[in-house]
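S.K.: From the sequence below, what's the structure:
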Amino acid sequence: MLSLLISILISIALFVGLPAAGVNKPTSIFFGIAGFIAAFYLVSFLVRKKVGKVQKELQDSMLAGQQRMNRKIQQFQSKPGGNIKMIQRQLESDQQVIYKEGLEFTQRLEPFKKWSMLMGRQIATMRLQFLYQLKEFSQVDAILAKGGIFRGPMMMEPMPVAMKMARQYKNKDVPGAEKTFKRYIKWFRNERGTLLYGVMTWILVKEGELDKARELLTKAKDAISNPTFTHNWERLSNDKPKSFSNSGLGEEWYGLYLEKPPQPKQQRARRNANARGF
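M.R.: Numbering: from 1, shown residues only. Prediction:
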């Protein structure tokens with residue numbers, strides 16, 4: 001990577017140049033090492049600053065798109081009599097536009113790959129998530145098959161792992177999903193493990209492994225404060241697997257396309273005030 005190469009060249013220049021200028025060897029070695037460290041961190045800082053600016057533009061763009069969608073939902077809810085299916089299709093179309101713009105935006109990060117060793121993984125992770133939301137699952141599976149984004153678990157986020165588990169389940173590789181869960185759950189302590197527990201318990205219930213699901217829910221509700229796990233444990237304990245739902249996990253859960261979200265509801269039309277005695 002260029003940042004590393006520049007740092008090495010500066011260090012070599014100091015190692016060679018300082019003795020030629022009459023500086024003793026121990027001092028030359030010290031300044032050579034210090035020069036390498038200073039150059040590396042300076043270049044890395046400047047690169048991070050530029051990358052951060054591009055990433056903020058992406059975040060602002062997506063936030064603006066989400067705010068527009070929220071306004072549409074509020075307008076729909078406040079006006080009774082609208083076509084629910086029509087507004088749902090419109091919202092889905094708007095969401096797809098946001099994800100497509102985000103996917104195209106990742107191209108602007110490509111030039112930074114030659115400056116940062118981790119940038120390639122970051123770009124692949126971002127594309128994975130946009131492609132997943134766009135339901136381009138063949139491309140998602142291709143990225144997952146490479147496995148590069150899962151190197152260095154300490155630097156990972158739960159969502160890509162949850163997506164991998166969901167795709168393994170959809171591709172009828174339940175043992176693979178369980179293996180992924182066991183491998184990575186240890187890196188996501190407390191609340192960070194919420195989504196992974198949600199996906200794995202969902203898979204077990206759908207596969208009819210109710211005892212294993214209840215056992216895992218026991219661990220989840222003890223480790224995480226989210227009441228969803230307690231409610232689901234109670235449902236399974238009362239032999240009500242059909243009532244199992246991870247709706248309490250919110251938008252991240254619905255973004256995995258394993259459980260359908262509830263349709264937006266309209267406010268009921270106000271009755272005539274006089275008829276109600278007001």
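
S.K.: Can you give me the buried ones in stretch 191-203?
M.R.: Residues of stretch 191-203 classed as buried: 193-203 (neighbour count, 16 or more other Cβ atoms under 10 Å). No exception for glycine: its C-beta is placed from N, CA and C like everyone else's.

S.K.: what does that stretch contact?
M.R.: 158-159, 161-162, 165-166, 169, 174, 177-178, 181, 184-185, 188, 213, 216-217, 219-220, 223-226, 228-229, 232, 244, 246, 249, 252-253, 256, 258-259 (Cβ atoms under 8 Å, 6 or more residues apart in numbering).

S.K.: and what of stretch 120-138?
M.R.: Contacts of stretch 120-138 (Cβ under 8 Å, 6+ apart): 95-96, 99-100, 102-103, 106, 109-110, 113, 139-140, 143-144, 146, 148-149, 151, 157, 159-160, 163, 167, 170, 255, 257.

S.K.: buried sites along it?
M.R.: Applying 16+ other Cβ under 10 Å to stretch 120-138 flags 120-134, 137 as buried.

S.K.: and which of these is nearest residue 59?
M.R.: residue 126 (11.3 Å; Cβ to Cβ).

S.K.: Is the closest one in a helix, a strand, or coil?
M.R.: Classification of residue 126 using DSSP: H, G, I helix; E, B strand; the rest coil returns helix.

S.K.: if I look at it, how far off is residue 113?
M.R.: Distance, residue 126 to residue 113, by Cβ to Cβ, to the nearest Å: 13 Å.

S.K.: now residue 18
M.R.: Residue 18 is 34 Å from residue 113, by Cβ to Cβ.

S.K.: Of those two, which one has the most company?
M.R.: Neighbours were counted for residue 18 and for residue 113 using other Cβ atoms under 10 Å; residue 18 has more, 19 against 16.

S.K.: so that one is in which element?
M.R.: helix 2-20 (DSSP states H and E).

S.K.: Check which element follows that helix along the chain.
M.R.: helix 25-78.

S.K.: Which strands and helices lie in contact with that next one?
M.R.: Applying 3 or more Cβ pairs under 8 Å, 6 or more residues apart in numbering; DSSP states H and E, one finds that helix 25-78 contacts helix 2-20, helix 84-105.

S.K.: Mean pLDDT lowest where, among the ones you listed?
M.R.: Here the helices and strands packed on helix 25-78 differ in mean pLDDT, and the lowest is helix 2-20 at a mean of 77.

S.K.: In CSV, list the C-alpha atoms belonging to that helix.
M.R.: The C-alpha trace of helix 2-20 is given here as CSV (Å, rounded to 0.1, in the frame of the first residue of the first chain):
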residue,chain,number,x,y,z
LEU,A,2,1.2,3.5,-0.8
SER,A,3,1.1,4.8,2.8
LEU,A,4,3.4,1.9,3.8
LEU,A,5,5.7,2.4,0.8
ILE,A,6,6.1,6.1,1.4
SER,A,7,6.9,5.5,5.1
ILE,A,8,9.5,2.9,4.2
LEU,A,9,11.1,5.3,1.6
ILE,A,10,11.3,8.1,4.1
SER,A,11,12.8,5.8,6.7
ILE,A,12,15.4,4.5,4.2
ALA,A,13,16.3,8.1,3.3
LEU,A,14,16.9,8.9,6.9
PHE,A,15,19.0,5.8,7.5
VAL,A,16,21.2,6.6,4.5
GLY,A,17,21.2,10.4,4.5
LEU,A,18,21.9,11.1,8.2
PRO,A,19,25.2,9.1,8.4
ALA,A,20,26.3,10.8,5.2
